[in-house]
Structures are given as C-alpha cells and as structure tokens.
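Trainee: Provided below for reference: sequence and predicted model.
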Amino acid sequence: MLTRSANAVDIHVGRRVRTARLAQRISQEKLADAVGVSFQQIQKYEKGVNRIGTGRLHAIAKFFDLPVTYFFEGIDKHPGKPARDSAMSAITEALSTKEGTRIAVALSRIQSAKMRRRIADLLEAIMKEEHEQARAMSA
C-alpha cells in the first residue's frame, strides 16, 4: 500500500481551515458536524495529515461563508521556496494558533492606531528579549 506524507499545499490549506475556524470561534466538533466528518478528521485536515477533497473543502468554505480561494491565498507567494521560509507563512502559522487568533481579533478591535503600535512594540520587545536570553543560554 502506498502511503503519502503531507505536502505543502495540504498543510497550507489545513492551516487556513484552522485559522478560519478559530477566527469565528467554532469548535472542531461543530465544524465536523456541519460537514459530516468526525472532529478527529478535522484535526487531521488542519494538520495537513489528510488531504481535504474538493466537495468537503466546498462544504467547509460554505459553512464559514468564505470563497474556496481563501484556503489557497498566499500559497504561491514564493514559488520554489519552502512555505515556512516566507513571512506570509509565519503569519498564517501564528494565526492558526488559538493565542494568535485571540491577539489578532483583540488588536483589530482597538480603535487607536497609537495603541496598536504600542502593542506591536511591546510584542517585538518581548521577542527581542527572548532571543537574547536564548542566545545567552547557548553561549
């Protein structure tokens, strides 16, 4: 029997499903019920372990009220480069986490551009500090 490993497209589409699901605060169980699969299958889709068939992807898009093309956006930004090397992939990966989605939603609700910049500055300072600590520990 031929086994296949997840490819970059499966992983990208799965991350976009997860991002859409978390952005709309939908559980894996609710999405699974809506499209007629188990929540374990949704987990496999989101990880890119199982490929999502066209009919199922259409059902997922319809459930989220998104165009099917949403799931493929950004996939060809850097042809020939692994997806994880692009900035867009890093953003997609961050937004595919529960925390990343919470941060993005909260940030989008802040009216003050000045406050959003301050929050971005704070996050960058935290990243810089973590990077410096990691470098100090490995030296």
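Mentor: Sure, I can see it.
Trainee: next, count neighbours for Arg116.
Mentor: As a burial measure, Arg116 scores 13 neighbours (other Cβ atoms under 10 Å). (Each C-beta comes from the backbone N, C-alpha and C, glycine too.)
Trainee: burial of Met137, as a residue count?
Mentor: Counted with other Cβ under 10 Å, Met137 comes out at 7.
Trainee: cool, and Ile91?
Mentor: Ile91 has 14 neighbours, counted by other Cβ under 10 Å.
Trainee: so which strand or helix has it?
Mentor: helix 87-95 (DSSP states H and E).
Trainee: then Ala134?
Mentor: helix 113-138.
Trainee: so what does the residue most central in space within the chain look like in phi/psi?
Mentor: The centroid of the chain falls nearest to Ser96 when counting by Cα atoms, centre = their mean (2.7 Å). Backbone torsions of Ser96, given as degrees, to the nearest 10, read phi -90, psi 0.
Trainee: for the one 3 residues further on, same thing?
Mentor: Glu99 has phi and psi values of phi -70, psi -40 when expressed as degrees, to the nearest 10.
Trainee: the residue nearest to the centre of the chain: what's it in contact with?
Mentor: Arg15, Arg16, Arg18, Thr19, Leu22, Glu46 (Cβ atoms under 8 Å, 6 or more residues apart in numbering).
Trainee: what pLDDT does the fifth one get?
Mentor: What it means is Leu22. Looking at Leu22, its pLDDT is 86.
Trainee: likewise the third one?
Mentor: pLDDT, the model's per-residue confidence, is 91 for Arg18.
Trainee: got the contact list for it?
Mentor: Going by Cβ under 8 Å, 6+ apart, Arg18 touches Glu46, Ser96.
Trainee: any idea how far Ala61 is from it?
Mentor: The gap separating Arg18 from Ala61 is 14 Å, by Cβ to Cβ, to the nearest Å.
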